[in-house]
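In: got a predicted structure plus its sequence, pasted below:
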Amino acid sequence: MTADTSTRAPLTMDQLAAVIAHDIPEGSYVNLGIGQPTKIADHLPKDKSGTVNVILHTENGMLGMGRKAEGDEVDADLTNAGKVPVVETPGCSYFHHADSFAMMRGGHLDVCVLGAFQVAPNGDLANWSTGKPGDIPAVGGAMDLAIGAKDVYVMMSLFAKDGTPKLVQACTMPLTGINCVSRVYTDYGVFDLGPDGARIRATFGITPDELCAKVAALHR
Amino acid sequence: MTADTSTRAPLTMDQLAAVIAHDIPEGSYVNLGIGQPTKIADHLPKDKSGTVNVILHTENGMLGMGRKAEGDEVDADLTNAGKVPVVETPGCSYFHHADSFAMMRGGHLDVCVLGAFQVAPNGDLANWSTGKPGDIPAVGGAMDLAIGAKDVYVMMSLFAKDGTPKLVQACTMPLTGINCVSRVYTDYGVFDLGPDGARIRATFGITPDELCAKVAALHR
Amino acid sequence: MARTSILATSEQAVAGIEDGSTILVGGFGLAGMPFDLIDALILQGAKDLTIVANNAGNAEVGLAALLKAKRVRKILCSFPRQVDSYVFDELYREGKIELEVVPQGNLAERMRAAGAGIGAFFSPTAVGTPLAEGKEERTINGMRYILEYPIRGDYALISAHQSDALGNLVYRKTARNFGPVMATAAATTIVQVNEIIPTGYLDAESIVTPSIYVDRVVQTEARHYTVKGAR
Amino acid sequence: MARTSILATSEQAVAGIEDGSTILVGGFGLAGMPFDLIDALILQGAKDLTIVANNAGNAEVGLAALLKAKRVRKILCSFPRQVDSYVFDELYREGKIELEVVPQGNLAERMRAAGAGIGAFFSPTAVGTPLAEGKEERTINGMRYILEYPIRGDYALISAHQSDALGNLVYRKTARNFGPVMATAAATTIVQVNEIIPTGYLDAESIVTPSIYVDRVVQTEARHYTVKGAR
């Protein structure tokens, strides 16, 4: 564990991305979900030669995805799962959608990091639909990603805009997957989910006691 | 239909191979089973430029399989399903076993020609095991091939060594597939299998009446 | 499947597509979208279509143009809502298009099953979620799975990078996406390619879609769009 | 799966294989057979093995040598009996090896299912035959299917043509056969290649097995055998 539990303030999402990046073991195969998790790519540790030793999977059909493309590098045939143009890295490979999702479903990726609306201590995840009437349902690869790696991490702000915690005792929004999340990274702390519920792994700018007072799903 | 029903004598297996080759439409994708059916490849019609316009599939992972390799052409990495070294044809492609059998199972091949121990008028096929105790069972791709094309043809001698017909009212040997054979090519005649049973399409060196007298599964 | 036809125009390539057909449309966002085939299909006039695709169109090109022309009765896709899916959004809110949302991996695997002759398969994706409601569930070796059925197309419209004269295809980068899967899952597969090259010029080891899956090919001018506002 | 190890010898490559392991062994006849890995496994000594392969060995090389060394308790394969399978034939007739015959396409698809996280699938192959006895059957859209379950390996031993330093693989001609499927279906995939080349030298469009499926690679001298008496 690398995060200093005595941090003065909650982390920004960029700082949190750096924390997650540091926790991903070298040599891992990783899928970074659309949204905040894509920031993690900028913080992955480099070796002496400047090489990032984590291989990124993008579910639209590539291993060894590189950074966002700039200027002349933009190639409409080469995008990430968020449809943003990206570049190749040496040793990258392409495959079709059935093969790409077989790679996830088959449990071959080491880590997948996803955003979330709600997570519960039992590992249930809600991140595809707020369930509000009138919303257009759109799941994309969210349900495949939720079960698509040996470890599924969530990266999110701990509190919603209305101040309610997004780590909840039981998800009330439509589920993306059940018992699938093993760790939750938030601006106020990191939580390991297991048979005993959510265990505090680190806190940022808040004490464990203060956190437990604010988040009913947490207990010491 | 091309075979002359007034042939003086039953056909040799090479002559029968030529009859089958002539019946395969130009442009077809075809799998020729191990054994007698491989002879058909030598008789496939050529266009003015000398090109065979039938594309051969071999279930070990290739479309566009060519003839047997000779001398220096032999490459241990390139064999047919009978493990005989073969050559490429222009436009051939390679794929792995799961993709190769998906191609068959998915009904993409036009014609598959198989040998048989027994065939019944309902299209049941027995060609993988005589069912004798002590025999080592070995099925290979036989059961996949039996359902592996839009049309499954059988090529066989009409009579076993003991003189009994191999076109039988019901197969007594272990089945390879059910209701799968649509046409049977034999040295004495060609039979279409359909809802009304086996219909004589051509005879070789024998009259339809003589044939019906010898083969109980046939009737006029 | 009989020999692949190489056609001169996109209009010829989409000829005969009937009203009410189910059409698999390649592409992930705009990468791999068969723009010319769709434009030709709009001119051709087939209506009351069921479309299977990953998205429900971006801006007003490709699939979005087909939706805008009111030719689509129903769409099966994984991710209709995007920054620039306003054509679909409006039709959906007005109740003028039916939507069935399918998780992306199940969408791909269900088409693969159709092409591979698999009757149905047990998938772990979506177990315990609203998208599994009404579906058969089974526990196998302690894991929960949902039974999923094949998705077949009457037609597939896809794009590829190159075809040889036999119809063997190679793709380019992540534009490959659904193309190779859809090619196996449709009764008639229609492909637009950037280039048709003589048979024998593609590496036999590198052919991604063998010609057996390809019915019609047309060479078109490559058009590239990126999704505006993607981030 | 952590980064692929590039090893100096076949002995290192097969280190740690435990007695009683299930091992997927690549090759169709002798094409694609990982001869050096099997020879190293014989020296390594693991016994009581369950082998999954297409055949049950030819002559006395490769898989046949492993059988001859009495290391194999059971073999799952599609086609044990061949012109030169006398090692297996004798063991089988003496009751010294257990045999489970699986149709070739189901064998491949069951390993694919293991690699792809599919819980089980309905296959039309073998319906109504003795090999479907005792298996669950279901009629879907008027067609009869048999439920088939994944086949997983503790190890896969396969051969490929080239690997880059990351472990991406390409194969050569029909020696590709079961390799790419087995690589996905085993907990640990061990590959012998004719050549290891620097990363970046393989065409990204042509890589058949991405490095994620490859755990250990060793470069060996290519050995080629053809099946004697095949016709």
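Out: Everything's here; your move. Numbers count the residues shown, from 1 in each chain, chains lettered A, B, ... in the order given.
In: what residues does residue 8 make contact with?
Out: You didn't pick a chain, so chain A it is. By Cβ atoms under 8 Å, 6 or more residues apart in numbering or on different chains, the contact list for A:Arg8 reads A:Gly205. For the C-beta atoms, the positions are set from N, CA and C on the backbone; glycine is no exception.
In: actually, chain C is the one I wanted.
Out: C:Ala8 makes contact with C:Val218, according to Cβ under 8 Å, 6+ apart.
In: now do it, the pLDDT please.
Out: In this prediction, C:Ala8 carries a pLDDT score of 97.
In: now it: how far from C:Leu43?
Out: Note on C:Ala8: its distance to C:Leu43, by Cβ to Cβ, to the nearest Å, is 15 Å.
In: is chain D contacted by stretch C:116-129?
Out: Yes - part of stretch C:116-129 sits near chain D under the criterion Cβ under 8 Å from any Cβ of the partner chain, namely C:116-124.
In: how long is that stretch from one end to the other?
Out: Stretch C:116-129 stretches 27 Å from its first residue to its last (Cα to Cα, to the nearest Å).
In: list the buried residues for that stretch?
Out: C:116-129 (16 or more other Cβ atoms under 10 Å in any protein chain shown).
In: now stretch C:20-28
Out: C:21-28.
In: is any part of that stretch close to chain B?
Out: No - counting by Cβ under 8 Å from any Cβ, chain B has no neighbours in stretch C:20-28; the shortest distance is 14.4 Å.
In: quick check: mean pLDDT across that stretch?
Out: For stretch C:20-28, mean pLDDT is 97.
In: so how far is it off the chain centroid?
Out: Offset of stretch C:20-28 from its chain centre (Cα atoms, centre = their mean, to the nearest Å): 4 Å.
In: C:Gly115 contacts C:Thr184, doesn't it?
Out: Yes - the criterion here is Cβ atoms under 8 Å, and C:Gly115 meets it with C:Thr184 at 2.7 Å.
In: so which of the buried residues of stretch C:20-28 are in strands?
Out: Counting by DSSP state E, the part of the buried residues of stretch C:20-28 found in strands is C:22-25.
In: what about C:Glu221, distance to chain D?
Out: Using Cβ to the nearest Cβ, to the nearest Å, we find C:Glu221 at a distance of 22 Å from chain D.
In: kindly report the same for A:Thr172.
Out: 29 Å.
In: which stretch of helix or strand covers that residue?
Out: With secondary structure defined by DSSP states H and E, A:Thr172 is part of neither a helix nor a strand.
In: surely it and A:Gln118 touch.
Out: Yes - A:Thr172 lies in contact with A:Gln118 (Cβ under 8 Å); the separation is 6.9 Å.
In: between the two, which one's more packed in?
Out: Shown here are A:Thr172 and A:Gln118; by other Cβ atoms under 10 Å in any protein chain shown, A:Gln118 has more neighbours (25 against 12).
In: quick check, nearest of the buried residues of stretch C:20-28 to chain A?
Out: Distances from the buried residues of stretch C:20-28 to chain A were compared by Cβ to the nearest Cβ; the smallest belongs to C:Phe28, at 4.6 Å.
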